[in-house]
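Engineer: This is a predicted model, with the sequence first.
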Amino acid sequence: MNKLVMPNDLPFEVKPIIDLRDKLPKNPKGGWLEMPIKRSDGSLRTGPRPSQDIKFISVHHTATEGGTPEGHARYHISKGYGGIAYHIYIKGDQIYQVNDLLAFTWHTQSNNYQTIGIAVEGNFTKRDLTDAERKCLYAAIITVMDIFNIPVENVKGHGEFVPTACPGYDTNRVRKDIRDILIEREYRKTAEYRASAIVDLYARVEHLYRMYLNKEKYWEDAERKLFTMYQLATDYELMSPKQAGKSYP
C-alpha cells in the first residue's frame, strides 16, 4: 500500500506523515511481507493481507519514554519479528508510517490478522497524552478509518482485545473525540459553515484594516497579515469576483 497521506479536511493541524518503511531495520531472515505467517484461514503464507480483512484499529503505547522507531524495530527483531510491530508510530508531534498497512504484523496477539496497529511513544499508565500526541493519534486513526471504512466503534485499545494495561490512555475518550471530529468534518461541508466562515473572515479583515488605517497598537502586524491575505488571494486567483479561482489543496 502506498505512502499514507492524511485527509485535508481535519479540523486541526498536524505535520505531514513521515514514511520510514524503507529506512527501519528488518529481520535478516525476511521482513513482515516476506515472512511466512499463519493467516486467519489457517494457511501459512507470505505477502500482504487482503484489504477487506482489515476491520479494526488497535491503539497502543510503547510503555517507554524516549524510544525511537529504530530502537523499537531492533527490539522486535530480537524477538523474532519481521521488524517493528506497529503500522504507525507517533512520537511527540510527529506521525511516522513504519509498515505497509497491509503487512501482517504482530502487535495484538490473536487479533493481528484484522487490525492496524497504531502506537504512541510514552508510558500512559503514568501520564496523559499531550495535546500534540492526541492530535497526531486522532489524525492517524481517522486516516486509517477513511482508507478501510472502519467505524469508530472498531477503534479499540490493545487492552480491549486482550488483558493488558496498554495503551494506558482512555480509549472511551478517544472514540468520543473521534466522533466529535467526524461531526465537525461533516459540518464543515455545509452551506451553514461556509456562510459562518465568510462572515467571520469579513469581520477579521475589517478589524485588521481599522488597526492599520488608524495606526493602532500592533498596526504593523495588521499590515503584514493583510498583505499576506492579498498575496494568497492573488496566488489563488481570487482578486476578481468574476474570475474562477484555483481550488485549495
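Structural biologist: Noted; the coordinates are in hand.

Engineer: before we move on, what SS does the most centrally placed residue in the chain have?
Structural biologist: The residue lying closest to the centre of the chain (Cα atoms, centre = their mean) is residue 140, at 2.0 Å. Three-state assignment for residue 140 (DSSP: H, G, I helix; E, B strand; the rest coil): helix.

Engineer: can you give me the strands in this structure?
Structural biologist: Ranges of strands in the chain, per DSSP state E, are 18-19, 37-38, 44-45, 56-61, 88-91, 94-97, 115-120, 155-157.

Engineer: Would you reformat the ones you listed as JSON lines and include distance to residue 103, mean pLDDT and mean neighbour count?
Structural biologist: (Each C-beta comes from the backbone N, C-alpha and C, glycine too.) Supplementary listing: those in JSON lines, determined by distance: least, Cβ to Cβ, whole Å; pLDDT from 0 to 100; neighbours: other Cβ atoms under 10 Å:
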{"stretch": "strand 18-19", "distance to residue 103": "14", "mean pLDDT": "97", "mean neighbour count": "14"}
{"stretch": "strand 37-38", "distance to residue 103": "9", "mean pLDDT": "90", "mean neighbour count": "16"}
{"stretch": "strand 44-45", "distance to residue 103": "13", "mean pLDDT": "92", "mean neighbour count": "11"}
{"stretch": "strand 56-61", "distance to residue 103": "14", "mean pLDDT": "98", "mean neighbour count": "25"}
{"stretch": "strand 88-91", "distance to residue 103": "12", "mean pLDDT": "98", "mean neighbour count": "26"}
{"stretch": "strand 94-97", "distance to residue 103": "11", "mean pLDDT": "98", "mean neighbour count": "22"}
{"stretch": "strand 115-120", "distance to residue 103": "10", "mean pLDDT": "98", "mean neighbour count": "27"}
{"stretch": "strand 155-157", "distance to residue 103": "20", "mean pLDDT": "98", "mean neighbour count": "22"}
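
Engineer: wait, which of these is closest to residue 80?
Structural biologist: Among these, strand 37-38 comes nearest to residue 80, with 11.6 Å by Cβ to Cβ.

Engineer: Which neighbouring elements make contact with that closest one?
Structural biologist: Strand 37-38 is packed against strand 44-45, with contacts defined by 3 or more Cβ pairs under 8 Å, 6 or more residues apart in numbering; DSSP states H and E.

Engineer: circling back to that earlier point, surely the residue nearest to the centre of the chain touches residue 88?
Structural biologist: Yes. Judged on Cβ atoms under 8 Å, residue 140 makes contact with residue 88 at a distance of 4.9 Å.

Engineer: what sits in contact with each of these two?
Structural biologist: 17, 95, 118 (Cβ atoms under 8 Å, 6 or more residues apart in numbering).

Engineer: of the residues you listed, closest to residue 241?
Structural biologist: Looking across these and measuring by Cβ to Cβ, the closest to residue 241 is residue 17, at 37.4 Å.

Engineer: Let me see the contact set for the closest one.
Structural biologist: Residue 17 touches 3-6, 88, 95-97, 140, 143, counting by Cβ under 8 Å, 6+ apart.

Engineer: now, among those, which is nearest to residue 64?
Structural biologist: residue 96 (15.6 Å).

Engineer: Could I get the contacting residues of the closest one?
Structural biologist: 17-20, 69, 88-90.

Engineer: which of those lies closest to residue 104?
Structural biologist: For the contacts of residue 96, with residue 104 as the reference and Cβ to Cβ as the criterion, the closest is residue 88, at 15.3 Å.

Engineer: ok, the residue nearest to the centre of the chain to residue 163 distance?
Structural biologist: Separation of residue 140 from residue 163 (Cβ to Cβ, to the nearest Å): 25 Å.

Engineer: do the same with residue 188
Structural biologist: Distance, residue 188 to residue 163, by Cβ to Cβ: 40 Å.
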